[in-house]
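Novice: I'd like to go over a predicted model; first the sequence, then the structure.
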Amino acid sequence: MDDRDAAVAAGLRVRVKRALSRRSNWEELAKFCLVGASGYIVNLLVYVALLDGANLHYRLAATGSFLVAVTNNYLWNRLWTFRRDRGHFGHQGVRFFVVSVIVYVGNLAILTLLVRLGVGKIVAQAIAIITVTPANFVGNKLWSFRRRH
C-alpha cells in the first residue's frame, strides 16, 4: 500500500468512526429497522396472498409483494425516518426505487437459490429479505435521503 492509499484508508476510518459515534445515525437505523419490519410484514403477507391465494409463481409473487412493500417503506421512511432530510418527493422516490430494485435483484437471487436448495418458499423469502436489509439501509441513507449541506 502506497502513501496515498494509506491516507485514503485513514480518512475512511475517521469518517466511519465519526458516523458510528453519532447518535442520530443510530436513531435513523432504529427507525429504518422499524419501518423495514412493517415492510417485512407487508411483503410476506402480500407474498403469501399472491403465492397461495392467487396461485402465482413464487418469483412473480415476490415481485408483486416487493412493489407493495417498497411503496410502504418509501412513504414511512420519508415521513418518519429521514424526515429532516426531505428533498423533492419525486427525486427521492426515484432514488429510493433504484436502491430498492438493486436490493430486490439480490433478494430475488437469494430467494431463487434457497428455493432451489429445498428451502420452503415462504421461509426462503423471509431469509432473503433479512439478508439484503443492510444494503438497503446504506443505499438509502447515503443516496436516497442523503443530507444536502
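Specialist: Received it, and whenever you're ready, just let me know what you need. Predicted, not measured: the structure shown is a model, and the values here were computed from it.
Novice: okay, CA-based contacts and neighbour counts for the rest of this
Specialist: Noted.
Novice: mind checking how far stretch 129-147 is from the chain centre?
Specialist: Centroid separation for stretch 129-147 versus its chain: 5 Å, with C-alpha atoms, centre = their mean, to the nearest Å.
Novice: Same question for stretch 87-100.
Specialist: On the basis of C-alpha atoms, centre = their mean, stretch 87-100 sits 13 Å off its chain's mean C-alpha point.
Novice: swap in stretch 110-127?
Specialist: That offset, for stretch 110-127, works out to 18 Å (C-alpha atoms, centre = their mean).
Novice: buried sites along that stretch?
Specialist: For stretch 110-127, a neighbour-count test (16 or more other C-alpha atoms under 10 Å) marks I110, L111, T112, L114, V115, K121, I122, A124, Q125, A126, I127 as buried.
Novice: Now for the first one: which residues touch it?
Specialist: Read that as I110. Neighbouring residues of I110 by C-alpha atoms under 8 Å, 6 or more residues apart in numbering: A124, A128.
Novice: From V123, how far out is it?
Specialist: For I110, the distance to V123 (C-alpha to C-alpha, to the nearest Å) stands at 12 Å.
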